[in-house]
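for reference, the sequence and a predicted model appear below.
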Amino acid sequence: QVQLVESGGGLVQAGGSLRLSCAASGRTFSTYAIGWFRQAPGKEREFVAAISWSGGNTNYADSVKDRFTISLDAAKNTVSLEMNSLKPEDTAVYSCNAKSIMLVTLEYWGQGTQVTVSS
């Protein structure tokens, strides 16, 4: 059974930092891309960042580029999202996603973790 378990969310003041982690288990993810998405109240879910498990290629939303860094620890089956210079508009539920690069309809989601940035 595939599981993606997020951790590291919380409350932080604007300008602060948080590190989110996504622990993946239940299968081999070598042909997957792992991404972070977020959804603020009343808004659509949006892409934040992603990394390919095999090559380490990364991709970021323009709104977080230069502030957030996604990384992979393959030995621990963990993907992290380092978030710096946080802004109130970063407040959202952040969810981890694993998407197959072989079959794009095959994907898994974590339960999400709340990030709240106070002004």
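Nice, I can see it. Just so it is clear, the structure is predicted and the values come from calculations on it, not from any experiment.

give me the three-state assignment for residue 33.
Three-state call for residue 33 (DSSP: H, G, I helix; E, B strand; the rest coil): strand.

contacting residues for it?
The neighbourhood of residue 33, defined by Cβ atoms under 8 Å, 6 or more residues apart in numbering, consists of 50, 51, 52, 53, 98, 99, 101. Heads up, the C-betas are built off the backbone N, CA and C, glycines and all.

pick the one among those residues closest to residue 28.
residue 53 (8.9 Å; Cβ to Cβ).

per-residue pLDDT of the closest residue to that closest one other than its chain neighbours, please?
Ranked by Cβ to Cβ, 6 or more residues apart in numbering and with sequence neighbours excluded, the top spatial neighbour of residue 53 is residue 29, at 4.8 Å. Residue 29 carries a pLDDT value of 91.

okay, now residue 29: neighbour count?
Counted with other Cβ atoms under 10 Å, the neighbours of residue 29 add up to 22.

with the one 3 residues further on instead?
Residues within reach of residue 32, counting by other Cβ under 10 Å, total 23.

please name the bridge partners of the residue sitting nearest the centre point of the chain.
In the chain, the centroid-proximal residue (Cα atoms, centre = their mean) is residue 36; its distance is 2.5 Å. In this structure, residue 36 bridges to residue 49, residue 96 when assessed by DSSP bridges.

residues in contact with it?
Residue 36 makes contacts with 20, 22, 48, 49, 50, 70, 79, 81, 94, 95, 96, 97, as judged by Cβ under 8 Å, 6+ apart.

could you check how far the third one is from residue 27?
To tie it back to what came earlier, the one meant is residue 48. Applying Cβ to Cβ, to the nearest Å, the value for residue 48 to residue 27 is 23 Å.

perfect, that will be all.
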